[in-house]
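> Need a 3D model of the following:
(one chain, ligands or ions: 1)
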Amino acid sequence: MTQFDRNFLWGSASAAYQIEGAVAADGKGESVWDVWAHLEGKTHEGTNGDIATDHYNRYEEDVALMKKAGLKAYRFSISWTRILPNGTGIVNSEGINFYNRLINLLIENDIQPLVTLYHWDLPQTLQTKYLGWESEQIVHDFTAYAKICFKAFGDRVKYWIVMNEPNIFTHLGYIMGVHPPGKHDEALFLKTYHHTALAHAHTVLAYKEMGLEGQIGSSIAFTPAYSSTSSEADQGALKSYYDIGPWWYLDSYYKGSYPESAIEYYTSQNIEMPFKKADFEIMKAAAEVVDFIGINYYQTAMVAYNPIDGVGISSFNTTGKKGTQKESGIPGLYKTVKNPNIEYTDWDWAIDPDGLRYGLVELKARYDLPILISENGLGAFDTVSSDGAINDDYRIDFLRAHIEACGNAINEGVDLLGYMTWSFTDLLSWLNGFKKRYGFVYVDFESTDLKRIPKKSFYWYREVIKTNGEAL
Ligand code: FCB
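Numbering: from 1, shown residues only. Now for the predicted structure:
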């Protein structure tokens, strides 16, 4: 018996900067990624999204492939600077037209559009003008942009994702310094994150006020964790990990508060808290009416106590050389260690399908909201065999196990709206270039026509969808 509802959203996801290309076409303004990726040494092998998969010009071909795969839903993001080239002010009608064409084509093909409003491509003008997310002005400007999108597309778009992984882009941008604007400053990290929470809250409330028929939420990168041993020290490390990590990110969006213990920790470190009392009223009001939690799930973490002279935050494995990821953590609290019980990808991401079930059940217990898996997938080096096929059985195994985990979570009472794989076509990885592939459709980045070739997993997913999750 299938656990999946008749209306379960089987789909795939993407993000504007990672697929669209055409970075200056039809009046599009510059985003922080258009600038950052061109700075020396910022991305793996100097890759950038100038062309990416050229989806802007090839969206018809891509939607035809989605139709062939039988997708029920497709999640994509709107590029803010196509709509408002300078972030605010005059609307660029050609940007609106592009997304209208895409949305209409999806609907004509019975594919439900799920639209992300912010997948990291901040207008460069706003970064230059007031340092983007560092200023509270962004909350106002973002909400105004969101309202333009609701007005333009809200008659046809029934699922909105306000923010994509605000925890990742602020952490990478303000602690690790590997995403724009490349800073290392914990107070700014907390402040920018808080501004994303406020922007989310104002946007959710604005959407509800407009009275459109549809659902809205945001997507957080969720990495559930286990403690390395049952010792008191490791259990305490696990609690710190959750309060500073997942619960900090999710509570602010879905409860309208931050975990007390984490506030105490930051205060003990003399880090200034960025919030005002009135902020929580807005955040709580939004948490009461928000429709679903979006999660992007890739892996779990194993956490152990980290002594005060222990490791700090370390950089990522961006090369795909397995085993090069170092331990990373917060001295005095916790560190992530290798989990001896599970396999890792070439980029050292833990492969843990049951962690998805476990994480979903945790979220249900803590927030009791419907959940959308807005990303899940496997990054790998795919190769084309001599007969032209891409036999990505490892991806099929990965996705099968994760879909089974979804079924198990549903059996445990989780209300799951849908499952979006990352990604439909291969695309640009922010920091890992074009060699780390996630798609059901191979893109030959070497060919001038960026040839698309469905992989073995494409046909497999088609059967999964056709049988509503029976044929795994
Ligand atoms: C997530 C991002 C997405 C993609 C995947 C692999 O963190 O949301 O854009 O790069 O990772």
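
> pLDDT weak spots in this structure?
Across the chain, the ranges flagged by pLDDT under 70 are 1-2.

> now with 90?
Within the chain, the ranges that satisfy pLDDT under 90 run 1-3, 44-45, 313-328, 345-347, 431-433.

> ok, longest helix in it?
In the chain, assigned by DSSP state H, the helix with the most residues is helix 186-210.

> How far off centre is that one?
16 Å (Cα atoms, centre = their mean, to the nearest Å).

> got the contact list for Asn408?
Residues in contact with Asn408 (Cβ atoms under 8 Å, 6 or more residues apart in numbering) are 354, 357. The way it works is simple: take the backbone N, C-alpha and C, and place the C-beta from them, glycine included.

> which secondary structure element contains Gly329?
Assigned by DSSP states H and E, Gly329 falls within strand 328-330.

> Tell me the residues of the stretch 351-472 of the chain that contact the ligand?
Applying Cβ under 6 Å from any ligand atom, one finds that the stretch 351-472 of the chain approaches the ligand through 375, 422, 429-430.

> Out of those residues, flag the one nearest to Gly214.
Nearest to Gly214 among these: Glu375, at 20.2 Å, using Cβ to Cβ.

> contacting residues for the closest one?
For Glu375, the contact set (Cβ under 8 Å, 6+ apart) comprises 13, 219, 296-298, 420-422.

> what are the ranges of the helices in the stretch 301-450 of the chain?
In the stretch 301-450 of the chain, the helices defined using DSSP state H, counting those that start in this stretch lie at 353-367, 393-411.

> hmm, who's touching stretch 456-463?
By Cβ under 8 Å, 6+ apart, stretch 456-463 touches 10, 65, 68-70, 389-393, 395-396, 399, 421, 440-441, 471.

> Generate a ChimeraX selection restricted to the buried entries among those residues.
In ChimeraX, a selection of the buried entries from these looks like this (16 or more other Cβ atoms under 10 Å):
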select :10,65,69,390,392,395,396,399,421,440,441
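
> From the contacts of stretch 456-463, which land in strands?
Applying DSSP state E to these, the entries found in strands are 10, 421, 441.

> Looks like the first one contacts Phe440 (just checking).
No. Counting by Cβ atoms under 8 Å, no contact exists between Trp10 and Phe440, whose distance comes to 11.8 Å.

> Dump the C-alpha coordinates for stretch 403-417 into PDB.
Extracted in PDB, the C-alpha atoms of stretch 403-417 (Å, rounded to 0.1, in the frame of the first residue of the first chain):
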ATOM      1  CA  ILE A 403      12.100   8.000  -0.800                       C
ATOM      2  CA  GLU A 404      11.600   4.900   1.300                       C
ATOM      3  CA  ALA A 405      12.600   7.100   4.300                       C
ATOM      4  CA  CYS A 406       9.900   9.500   3.300                       C
ATOM      5  CA  GLY A 407       7.400   6.700   3.300                       C
ATOM      6  CA  ASN A 408       8.500   5.600   6.700                       C
ATOM      7  CA  ALA A 409       8.200   9.200   8.000                       C
ATOM      8  CA  ILE A 410       4.600   9.400   6.700                       C
ATOM      9  CA  ASN A 411       3.900   6.100   8.500                       C
ATOM     10  CA  GLU A 412       5.100   7.800  11.600                       C
ATOM     11  CA  GLY A 413       2.600  10.600  11.200                       C
ATOM     12  CA  VAL A 414       4.600  13.200   9.200                       C
ATOM     13  CA  ASP A 415       2.400  15.300   6.800                       C
ATOM     14  CA  LEU A 416       4.700  15.400   3.800                       C
ATOM     15  CA  LEU A 417       3.600  17.600   0.800                       C
END
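
> List the buried residues in stretch 214-229.
In stretch 214-229, counting by 16+ other Cβ under 10 Å, buried: 214-228.

> now, among those, which is nearest to the ligand?
Relative to the ligand, the closest of these is Ala221; by Cβ to the nearest ligand atom it sits at 5.4 Å.

> Who does that closest one form a beta bridge with?
Ala221 has these beta-bridge partners by DSSP bridges: Asn296.

> Identify the residues contacting it.
By Cβ under 8 Å, 6+ apart, the contact list for Ala221 reads 165, 167-168, 249, 295-296, 298.

> got it, and Gly310?
329, 331-332, 335.

> Please report how far the residue of the stretch 101-250 of the chain found nearest the ligand lies from Tyr298.
Evaluated by Cβ to the nearest ligand atom, the stretch 101-250 of the chain has Glu165 as its residue closest to the ligand, separated by 4.7 Å. Computed as Cβ to Cβ, to the nearest Å, the Glu165 to Tyr298 distance reads 11 Å.

> Now neighbour count and secondary structure too, for the contacts of Ala221, in a markdown table please.
Listed next are the contacts of Ala221 as a markdown table, based on neighbours: other Cβ atoms under 10 Å; DSSP: H, G, I helix; E, B strand; the rest coil:
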| residue | neighbour count | secondary structure |
| --- | --- | --- |
| Glu165 | 26 | coil |
| Asn167 | 24 | helix |
| Ile168 | 17 | helix |
| Tyr249 | 24 | helix |
| Ile295 | 26 | strand |
| Asn296 | 21 | strand |
| Tyr298 | 22 | coil |
